[in-house]
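Asks: just the structure for this:
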Amino acid sequence: MAEFKKANDYYQKSDYENAIVTYEGLVKKGATSAEVYYNLGNCYFKTGNVAKTILNYERARKLAPDDEDIDFNIRIAQLKVIDRMDAVPEIFYKRWMKAAASLFSSDTWSKILIVNAWILFVFLALYITGRSSGLKKFSFVMTFIMIILGVFSFIFSHQSYTMTELDQKAIVMSPSVYVKSSPDEKGTDQFIIHEGTRIDVLDEIGEWKKIRIANGSVGWLKMEAIEVI
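Replies: The predicted structure is shown next:
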């Protein structure tokens, strides 16, 4: 694409401002990809915009979750974020389930589930129509195994879909913002967070978003202070 090449040329010449304008133009046109977001993140990093850097790296990672370069750059960019907090540890089985679900996309898990169902029907048919006791025993065991695998494939497919499509993450774009106890200006200030901090979006009321930060603290802030990944 000509615009993408033009943006890359600007970047190679260290003309980061024009590169940003060109890459952002591609995003507005819907010509998005992990590479576009990654390069855009690099440009913002060069210009010192921490929030935009992390936002675009995170968007790149969402499209290419296995890219080690993206992960590395995110870790480097996060060193510039003011807020440092320890994440609340998850229960071990939830951590395992998320790790397993992350192995494939929800579409891939769905395909695995369909293949598993066809194999299940084959072994079930063999069990029903089989004449020898050995074949029946083997078919019964394999049918049971396929049922178990099918259940796990369904669970992992749903978990993968939830993590990628339903769980909403965002980056704080304001230099600093107070998180309120309720969705209005009169709410008590709970705590303050700064640009570049990654948050979970839990709910929405009007112009307010209910958010959770890594240490588990929850509160409300205006949506203008954040941008969804």
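Asks: now do the strands in this protein.
Replies: Assigned by DSSP state E, the strands in the chain fall at 168-172, 176-180, 189-194, 198-205, 208-212, 218-222, 226-228.
Asks: tabulate those strands (TSV), appending mean neighbour count and mean pLDDT.
Replies: Where you see a C-beta, it was placed from the backbone N, CA and C, and this is true even at glycine. Listed next are the strands of the chain as TSV, based on neighbours: other Cβ atoms under 10 Å; pLDDT from 0 to 100:
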stretch	mean neighbour count	mean pLDDT
strand 168-172	20	94
strand 176-180	18	95
strand 189-194	15	95
strand 198-205	16	93
strand 208-212	20	95
strand 218-222	19	96
strand 226-228	17	94
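Asks: pipe the ones you listed into CSV and attach distance to Ala117 per row.
Replies: Formatted as CSV, the strands of the chain follow (distance: least, Cβ to Cβ, whole Å):
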stretch, distance to Ala117
strand 168-172, 31
strand 176-180, 46
strand 189-194, 46
strand 198-205, 34
strand 208-212, 37
strand 218-222, 40
strand 226-228, 35
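Asks: and Phe4, which of the ones you listed is closest to it?
Replies: Ranking these by proximity to Phe4 (Cβ to Cβ) places strand 226-228 first, at 22.4 Å.
Asks: residues of the longest helix seen in the chain that come out buried?
Replies: For the chain, the longest helix by residue count, based on DSSP state H, is helix 133-161. Buried residues in helix 133-161, counted by 16 or more other Cβ atoms under 10 Å: 139, 142-143, 146, 149-150, 152-154, 156-157, 159-161.
Asks: could you find the closest non-adjacent residue to Ser110?
Replies: Ser157 (5.1 Å; Cβ to Cβ, 6 or more residues apart in numbering).
Asks: how near is the one you found to Leu63?
Replies: 19 Å (Cβ to Cβ, to the nearest Å).
Asks: domain ranges for the chain?
Replies: As recorded under automatic domain parsing, the domains making up the chain are 2-78, 92-166, 168-228.
Asks: just the helices from this structure, written as ranges.
Replies: 2-12, 16-28, 34-47, 50-63, 68-78, 92-101, 106-129, 133-161.
Asks: turn those helices into a markdown table, including distance to Gly187 and mean pLDDT.
Replies: Converted to a markdown table, the helices of the chain look like this (distance: least, Cβ to Cβ, whole Å; pLDDT from 0 to 100):
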| stretch | distance to Gly187 | mean pLDDT |
| --- | --- | --- |
| helix 2-12 | 42 | 93 |
| helix 16-28 | 34 | 95 |
| helix 34-47 | 32 | 96 |
| helix 50-63 | 24 | 95 |
| helix 68-78 | 29 | 95 |
| helix 92-101 | 31 | 80 |
| helix 106-129 | 37 | 92 |
| helix 133-161 | 33 | 92 |
